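**Student:** Next comes the sequence, and after it the predicted model I'd like to discuss.
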Amino acid sequence: MEKLLFEIGTEEIPAKFMPGILAQLKEMAEKKMAELRIPFEAVKVYGTPRRMTFIASGVAEAQADSTVEAKGPSVKIAFVNGSPSKAALGFARGQGVDVKDLVVRDEYVYAVKHLAGAEVKALLPELLLDILHSLNFPKNMRWADHEFKFVRPIRWLVALFGDEVIPVEITGVKSGKFSRGHRFLRPSAVNSAKEHESFIDAAKAAFDTAANKVKNTVASAVIGTTGAVEIPNADAYEKTLYDNFVMVDQDARRELIRQQVTDLGIAEGGHVEIDEDLLEEVNYLVEWPTALCGKFEDKFLTLPKECIITPMRDHQRYFPVMAEDGSLLNKFITVRNGGSDHLEVVAHGNERVLRARLSDAEFFFNEDRKQKLVDRLEKLKTVSFQEGLGNMNDKSNRLVQAANMLAMAINAKVEKEKLERAALLCKCDLVTGMVVEFTELQGIMGREYAKLDGEAPEVALGIFEHYLPRFAGDELPQTDIGRIIGIADKLDNICATFSRGLAPTGSQDPYALRRQALGIINILIDADYHISLYKVVAGILYLLQIVPEQTAKLVPQIVEFMKQRLRNMLIDQGIRYDVVDAVLAEKRNDDFADLHARAIALNKFVASEQAPALIQAATRVANLCKKIEAETAINPQLFETEAETALHQAAIAASKEVLAATVKYDYALVLEQAALLVEPINKFFDDVMVMVDDEKVKNNRLALLAAVMDVTHAVGDLNAIVQ
């Protein structure tokens with residue numbers, strides 16, 4: 001068993017690409033090795049801004065042996081009077097086996113070939129080159145005169161099987177044993193002297209470093225790059241690069257950054273609330289992280305907190321430092337790609353950059369305060385909404401109407417004046433200088449300016465909340481005003497885009513309609529809003545002044561688009577796919593909060609001991625109900641057996657309970673009532689023949705089963721459940 005190391009060295013890769021690249025590299029390595037029947041134990045990936053690496057451990061030195069079968073002609077054709085026919089001889093010759101070795105099975109002949117595994121080392125060059133060509137990236141580059149595309153130009157390759165180099169070449173770069181250490185940091189006599197107490201040890205360290213430097217310089221001359229580091233074997237990869245100031249293990253590097261930032265925040269008299277997305281991005285910006293603290297002038301603390309944090313976090317990749325009471329301190333923490341020398345110089349440079357950003361924010365804030373939000377409505381007329389659908393001022397007025405419509409649909413307990421005011425003002429901050437400069441602040445600045453303008457707190461909060469959720473995992477609005485305007489805004493965007501024939505297709509979703517649809521669904525479920533989506537969509541299209549003929553076509557398209565998002569969301573939440581199918585089988589149900597409640601209850605029920613019996617009984621009932629040609633009222637006078645009467649009484653009792661539970665969306669109780677019908681259903685089928693010659697008796701029994709089905713299928717179509 002050996003380790004296989006493959007490092008692809010490049011110019012700096014965008015940090016946001018790296019998590020996806022490493023996941024893809026791991027998947028690709030495992031897939032390609034499996035396809036070539038190369039036994040291995042595990043694949044570990046490593047990544048820094050300028051390298052992506054995988055190490056496969058426990059790699060066998062030879063392929064696994066395999067057996068290949070090829071199906072030939074039938075026995076009747078292959079043998080005539082016990083002797084091989086021309087068909088059998090031709091098949092055996094084509095498969096490279098002796099006709100005597102053909103195997104007869106299932107009335108056919110088979111050629112069975114046992115293939116010995118090839119030497120793995122001979123397969124690796126093609127394997128590694130295949131992986132290089134198979135990787136996909138959000139954006140690709142070409143460089144020099146090469147046709148090959150990659151995320152960034154490839155500068156070096158390390159390919160080792162144990163300690164032996166595997167030959168791979170692409171764009172003129174040949175694989176070898178030499179990787180690259182940190183761009184600027186090198187093992188030095190100075191650093192070594194700090195670690196040793198005696199002059200002799202320091203001198204020895206200096207000599208060793210000098211010798212190593214000469215060795216690397218020679219290697220660099222050969223491959224045309226300074227700072228080359230020899231990797232003696234795959235086992236030594238991580239430690240060798242660590243000794244050259246490169247932490248290749250992204251997980252260890254991430255946790256070190258987290259620890260450094262946390263500890264430094266405490267040391268500076270505050271704490272850091274670490275944003276995981278920012279941490280992940282910083283992790284792939286550095287190879288040797290060192291956290292440091294910088295400061296900015298106290299005067300900027302008069303700005304709203306978000307006006308400081310956004311330039312800090314989104315533009316400069318800094319971590320803000322908070323006081324114990326949640327207020328912002330005039331400090332920030334950043335992470336340097338290097339050691340701890342001259343940190344004060346680095347901090348000063350970062351302070352200068354941030355000062356310029358905050359000065360811009362201060363200027364825009366002061367300029368914005370010269371005009372109230374409501375006075376900006378006129379300027380919204382200069383901002384286009386969508387082609388042929390007016391401007392943002394038109395949209396603001398439309399949101400007022402849409403919000404009122406939704407409030408009535410859900411019977412929300414909100415003050416009409418405040419709801420309308422928030423809907424009218426919610427887009428005004430789009431034309432403020434602060435939001436034009438820092439687009440991430442939309443909604444946030446609307447909230448802050450509304451507060452300063454003296455608007456009601458509910459109005460200010462609603463302006464902010466109507467944008468939520470802004471991304472996957474973001475917080476949801478918690479007030480009715482924010483929820484209602486948020487749903488209205490997102491539905492208005494979806495309906496407008498569909499009306500222009502720009503519905504998402506495949507992976508193309510330039511208007512982020514899928515994200516907005518998921519936002520609507522999450523709000524409906526979280527707030528437990530029960531609305532008819534068909535009616536609301538039709539209402540939004542009416543406000544958009546879409547002609548009735550087009551509206552009739554668009555409504556089912558938009559609702560189906562939304563249902564597909566609900567389907568995906570439920571499956572992502574761990575709901576069984578057949579449960580989702582069962583719940584969504586009722587096409588007329590467009591209450592998404594109701595559908596979600598049904599899915600949760602049914603998913604739990606199908607895992608219970610009662611489920612198999614109910615599903616089996618309900619399926620038998622449903623299959624017979626397919627034979628109903630016309631609706632018939634149940635006539636107890638036509639019952640001929642005790643089993644019919646018992647089932648009828650049980651169905652009536654269950655129906656009453658189901659109706660009461662359904663009104664409360666208590667679908668666990670509905671399923672409990674359905675399970676009570678299993679015994680009378682089974683007794684009915686044991687004692688009663690449904691499809692008799694007497695039409696009246698037959699139809700009466702079918703009508704009884706239809707009533708039973710109303711109970712058994714009250715949560716979803718149990719026929720869709722796979723047992």
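**Tutor:** That came through fine.
**Student:** Burial check on the residue nearest to residue 645 when sequence neighbours are not counted, number of neighbours?
**Tutor:** The shortest distance from residue 645 to any non-neighbouring residue, by C-beta to C-beta, 6 or more residues apart in numbering, is to residue 639 (5.2 Å). (Each C-beta comes from the backbone N, C-alpha and C, glycine too.) By other C-beta atoms under 10 Å, the residues close to residue 639 number 19.
**Student:** Residue 692 now?
**Tutor:** 12.
**Student:** now do residue 96
**Tutor:** As a burial measure, residue 96 scores 9 neighbours (other C-beta under 10 Å).
**Student:** before we move on, back to that, thought the residue nearest to residue 645 was touching residue 647?
**Tutor:** No. Residue 639 lies out of contact with residue 647 (C-beta atoms under 8 Å); the separation is 9.3 Å.
**Student:** give me phi/psi at the residue located most distally from the centre of the chain?
**Tutor:** Distance to the chain centre peaks in the chain at residue 81, reaching 64.0 Å (criterion: C-alpha atoms, centre = their mean). Dihedral angles of residue 81 (phi, psi; degrees, to the nearest 10) stand at phi 50, psi 40.
**Student:** Tell me the predicted confidence for it.
**Tutor:** Looking at residue 81, its pLDDT reads 83.
**Student:** now do residue 129
**Tutor:** Looking at residue 129, the pLDDT reads 96.
**Student:** Nearest the geometric middle of the protein, what residue?
**Tutor:** residue 472 (7.7 Å).
**Student:** measure the residue farthest from the centre of the chain to residue 591 for me?
**Tutor:** 73 Å (C-beta to C-beta, to the nearest Å).
**Student:** buried set for stretch 518-526?
**Tutor:** Neighbour-count burial for stretch 518-526, counted by 16 or more other C-beta atoms under 10 Å, picks out 518-525.
**Student:** In helices, which of those appear?
**Tutor:** Under the assignment DSSP state H, the buried residues of stretch 518-526 contribute 518-525 to helices.
**Student:** neighbours of residue 36, just the number please.
**Tutor:** Residue 36 - counted by other C-beta under 10 Å - has 17 other residues nearby.
**Student:** quick revisit: the residue nearest to residue 645 and residue 691: what is the separation?
**Tutor:** Here the criterion is C-beta to C-beta. By it, residue 639 lies 16 Å from residue 691.
**Student:** and what of residue 363?
**Tutor:** Residue 363 sits 84 Å away from residue 691, going by C-beta to C-beta.
**Student:** what does residue 527 give?
**Tutor:** Taking C-beta to C-beta, one finds residue 527 at 48 Å from residue 691.
**Student:** what helix or strand is residue 495 on?
**Tutor:** Taking DSSP states H and E as the criterion, residue 495 maps to helix 480-499.
**Student:** For that helix, name the packing helices and strands.
**Tutor:** With contacts taken as 3 or more C-beta pairs under 8 Å, 6 or more residues apart in numbering; DSSP states H and E, helix 480-499 sits against helix 392-410, helix 416-425, helix 457-465, helix 513-527, helix 533-543, helix 548-572.
**Student:** Figure out which of the ones you listed is closest to residue 6.
**Tutor:** Each of the helices and strands packed on helix 480-499 was scored for nearness to residue 6 using C-beta to C-beta, and the closest is helix 548-572 (32.8 Å).
**Student:** That closest one: how far from the chain's middle?
**Tutor:** When distances are taken as C-alpha atoms, centre = their mean, to the nearest Å, helix 548-572 is centred 21 Å away from the chain's centroid.
**Student:** pLDDT (mean, whole number) over it?
**Tutor:** Average pLDDT, helix 548-572: 96.
**Student:** Could you check the angle it makes with helix 480-499?
**Tutor:** On the basis of axes from the mean of the first three to the mean of the last three C-alpha atoms, to 10 degrees, helix 548-572 is oriented at 120 degrees to helix 480-499.
**Student:** report the angle between the axes of the helix or strand just after helix 548-572 and helix 548-572?
**Tutor:** Proceeding N to C from helix 548-572, the next assigned helix or strand is helix 577-584, under DSSP H and E. Angle, helix 577-584 to helix 548-572, by the same axes, to 10 degrees: 150 degrees.
**Student:** Please point out which parts of helix 577-584 sit buried.
**Tutor:** Those would be 578-584, for helix 577-584 by 16+ other C-beta under 10 Å.
**Student:** quick one on the thing from earlier: of residue 363 and residue 691, which one has the most company?
**Tutor:** Set side by side, residue 363 and residue 691 show more neighbours around residue 363, with 13 against 9, by other C-beta under 10 Å.
**Student:** Quick check: residue 692 touching residue 698?
**Tutor:** Yes. Using C-beta under 8 Å, residue 692 is in contact with residue 698, at 5.2 Å.
**Student:** pLDDT weak spots in this structure?
**Tutor:** Within the chain, the ranges that satisfy pLDDT under 70 run 188-226.
**Student:** Hmm, residue 231 is touching residue 158, no?
**Tutor:** Yes. Counting by C-beta under 8 Å, residue 231 does reach residue 158; the two are 5.7 Å apart.
**Student:** Which neighbours do those two have in common?
**Tutor:** Listed as contacting both residue 231 and residue 158 by C-beta atoms under 8 Å, 6 or more residues apart in numbering are 5, 7, 177-179, 237.
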